[in-house]
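Colleague: Quick one, structure for this:
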Amino acid sequence: MIGVLGATGDVGRHAAGFLERLGIGPVRAGGSAVADFRDPASLDRFAAGCEVLVNCAGPAHAVGDRVAEAARRAGAHYVDASGDDPVEVHNGRTALLSAGLQPGLTAILPRWLARDAEVHDLKVWLGVSDLFSRCAAEDYLHAAAAGHGEALAAWRGGRRSKASTRESGVTLPFFPEPVNLLPYLTPESERLARALRIARGDWYTVLSGEHVGRAFDRVHGLGREEAVADLCRASRLDLAGREPRVVLIAEADGRTAVLRAKGNGAVTGAVVALAVSAVERGEIPPGSYFAGDVLSPKSLVDGLTGLGVADVALFDRPLSRLVLEEEGVL
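Modeller: Numbering: from 1, shown residues only. Sure, this is the predicted structure:
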């Protein structure tokens, strides 16, 4: 039995659907009416009998380790679409955290590109054109206030450095219009930089709509409810008349990998399902891990393309030498 908490949300419903497509289950789908992460007793009832307990509920900062604790009490493995801190596991069980788009795939694609080769310079660009859910907006505001990551920071010579600036009106391949680039170094980025022993690393949030970019600048001066509403409204304006999409690009020492997907919920749900599959098959040893550190990059990329969620292309040249391409069939 695979228990999926938050299965009525955008990520959870995709995760449950992909688990069924992968033949993993049966799936026990849980929304807020079935299990409340604030109520340990309801979590225990939901987790009872589960081999793997999956958390897709939010906001992540409010959930914390409550669902992980329920998995531990039930003797189940644990997979979380988010999660920034290691959790306690017992009795040979596995906890896999940050098994989503970011963090998660944003570390896996660069590892896939590196192919066990030594990497000196790494650049990563992530552009998401999708609706901000209330939970996602709350998590963004919490992360910014708590200092989970640093804007305008980069990786230089083995440490974090204030080495970057914002860029506006940039023409970037695989984006149909000029974009704004916001350098941002996350805890996952720093872990990846250390693991790959890179000398120079740059990570960029790609903003292709004017409204969300402006909202990022002003929400920190607003109250929490007003800020959440502002981010959600801005994302609706930017997405009006367009299909949701994700573009993730990694460049390592002159080689470039480009992943294009249908939207945040779909690609995150697919990563969750593939992470559950890896845990079920015993590919991850007992303990607590971040998905980007231990999942097989090749298996993940092959799985995403096999599920029809993403298209991945590899180029033996840097992004600067790629011509501007029209938006693909995704």
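
Colleague: How many neighbouring residues does the nearest residue to residue 8 once chain neighbours are set aside have?
Modeller: Of all residues not flanking residue 8 in the chain, residue 31 sits nearest, at 3.7 Å (C-beta to C-beta, 6 or more residues apart in numbering). Bear in mind the C-beta positions are built from the backbone N, C-alpha and C, glycine included. The number of residues packed near residue 31 is 16, by other C-beta atoms under 10 Å.

Colleague: One more: residue 242?
Modeller: Using other C-beta under 10 Å, residue 242 is surrounded by 13 other residues.

Colleague: these two touch, right, it and residue 176?
Modeller: No - contact between residue 242 and residue 176 fails when scored by C-beta atoms under 8 Å: they sit 9.8 Å apart.

Colleague: if we can go back for a sec, enumerate every residue touching the residue nearest to residue 8.
Modeller: 6, 7, 8, 9, 12 (C-beta atoms under 8 Å, 6 or more residues apart in numbering).

Colleague: from those residues, which is closest to residue 69?
Modeller: Nearest to residue 69 among the contacts of residue 31: residue 6, at 16.1 Å, using C-beta to C-beta.

Colleague: Pull up the gap between the closest one and residue 181, please.
Modeller: 32 Å (C-beta to C-beta, to the nearest Å).

Colleague: The two: which has the busier surroundings?
Modeller: Neighbours were counted for residue 6 and for residue 181 using other C-beta under 10 Å; residue 6 has more, 26 against 20.

Colleague: Next one: that one, what pLDDT does it get?
Modeller: Residue-level confidence at residue 6 comes out at 94, pLDDT.

Colleague: Report whether the expected contact of it with residue 56 is present.
Modeller: Yes - in this structure residue 6 lies within contact range of residue 56 using C-beta under 8 Å: 3.7 Å.

Colleague: intersection of neighbour lists for those two?
Modeller: Taking C-beta under 8 Å, 6+ apart as the contact criterion, the residues that touch both residue 6 and residue 56 are residue 12.

Colleague: Just read off the phi/psi values of residue 169.
Modeller: Taking degrees, to the nearest 10, you get phi 60, psi 40 for the backbone angles of residue 169.

Colleague: Hmm, it is touching residue 181, no?
Modeller: No - in terms of C-beta under 8 Å, residue 169 does not count as a neighbour of residue 181; the distance is 9.8 Å.
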